[in-house]
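*Asks:* Need a 3D model of the following:
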Amino acid sequence: MRLNKRTAGCGVWLPVVLAALLPAGAVASTASVTVPVTATFVTPTCTLSSSTSTLSLGTLTAGASGNTGSFRLSLSCNGTVNSRIYARIPSGSSSGSLTGTDKVRMSVNNSIPAYPATVQLLSNGAAIRLDGNSSAGTFCSGSSTSRDCTLTARYDVPGNTTAGSARASVAFTVAYF
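*Replies:* Numbering: from 1, shown residues only. Reported below is the predicted structural model:
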């Protein structure tokens with residue numbers, strides 16, 4: 001096959017011819033504008049409330065144990081948010097102290113007796129942790145704008161407990177995930 005030299009060389013001459021047609025001093029230029037973009041990201045928050053501020057277990061007899069007293073925790077969020085609840089025993093002698101991770105010793109006259117009554121809180125029949133562990137001790141988890149969780153108290157009163165008015169406190173916290 002034979003190539004015509006004139007045809008084969010046209011590709012080299014075309015850019016030179018185009019460059020000669022541009023006005024003198026014409027150069028490609030660019031302009032830029034910076035536009036700041038701002039945003040506010042708001043994490044939906046939740047409000048936690050209880051159906052009661054004090055849960056009364058009534059009069060308990062030494063040597064008795066059982067379930068009594070239920071209450072409801074209500075979670076209301078200002079948007080759909082992944083959340084869960086966990087519990088802890090607040091500090092202070094009238095708050096009681098933990099036995100393991102899920103039982104609180106009840107105080108009598110602001111001190112823990114040698115043989116204290118204990119209370120557990122059950123969610124769907126299972127004892128919840130009361131040690132403030134925000135990952136392992138969570139319950140009532142979900143992703144919604146509102147939900148209710150019912151807790152039931154389980155008590156255990158040793159036969160040799162100190163008589164008197166017993167009390168314990170539990171604090172609940174909402175965690176977002």
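*Asks:* can you give me the strands for this structure?
*Replies:* With strands called from DSSP state E, the chain shows them at 46-50, 65-88, 97-99, 103-105, 107-108, 118-123, 126-127, 139-156, 166-167, 171-176.
*Asks:* Which one of the ones you listed lies nearest to residue 28?
*Replies:* Closest of the strands of the chain to residue 28 is strand 65-88, at 49.6 Å (criterion: CB to CB). Where you see a C-beta, it was placed from the backbone N, CA and C, and this is true even at glycine.
*Asks:* buried set for that closest one?
*Replies:* Buried positions in strand 65-88, judged by neighbour count with 16 or more other CB atoms under 10 Å: 69, 71, 73, 75, 77, 81, 83-88.
*Asks:* Give the single residue among these positioned nearest to residue 43.
*Replies:* Among these, and counting by CB to CB, the member closest to residue 43 is residue 81, at 7.2 Å.
*Asks:* For that closest one, give me the pLDDT.
*Replies:* Note on residue 81: pLDDT of 87.
*Asks:* Surely it touches residue 75?
*Replies:* No: counting by CB atoms under 8 Å, residue 81 does not reach residue 75; the two are 9.4 Å apart.
*Asks:* Distance to residue 52 added to the buried residues of strand 65-88, as CSV?
*Replies:* Shown next, in CSV, are the buried residues of strand 65-88 (distance: CB to CB, whole Å):
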residue, distance to residue 52
69, 9
71, 5
73, 10
75, 16
77, 22
81, 25
83, 22
84, 21
85, 16
86, 19
87, 15
88, 19
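*Asks:* Touching both of residue 81 and residue 75, which residues are there?
*Replies:* In terms of CB atoms under 8 Å, 6 or more residues apart in numbering, residue 81 and residue 75 are both contacted by the residues residue 46.
*Asks:* Now for the buried residues of strand 65-88: which two are most distant?
*Replies:* The largest separation in the buried residues of strand 65-88, counting by CB to CB, is between 69 and 81 at 29.5 Å.
*Asks:* which residues does residue 140 contact?
*Replies:* 73, 75, 84-85, 123, 147, 149.
*Asks:* what's the spacing between residue 129 and residue 89?
*Replies:* Applying CB to CB, to the nearest Å, the value for residue 129 to residue 89 is 11 Å.
*Asks:* And for residue 41?
*Replies:* Remark: distance between residue 41 and residue 89 (CB to CB) = 34 Å.
*Asks:* Show me which of these two is the more surrounded one.
*Replies:* Counted by other CB atoms under 10 Å, residue 41 and residue 89 do not tie: residue 89 has more neighbours, with 18 against 4.
*Asks:* Would you check that that one makes contact with residue 97?
*Replies:* Yes: using CB under 8 Å, residue 89 is in contact with residue 97, at 6.8 Å.
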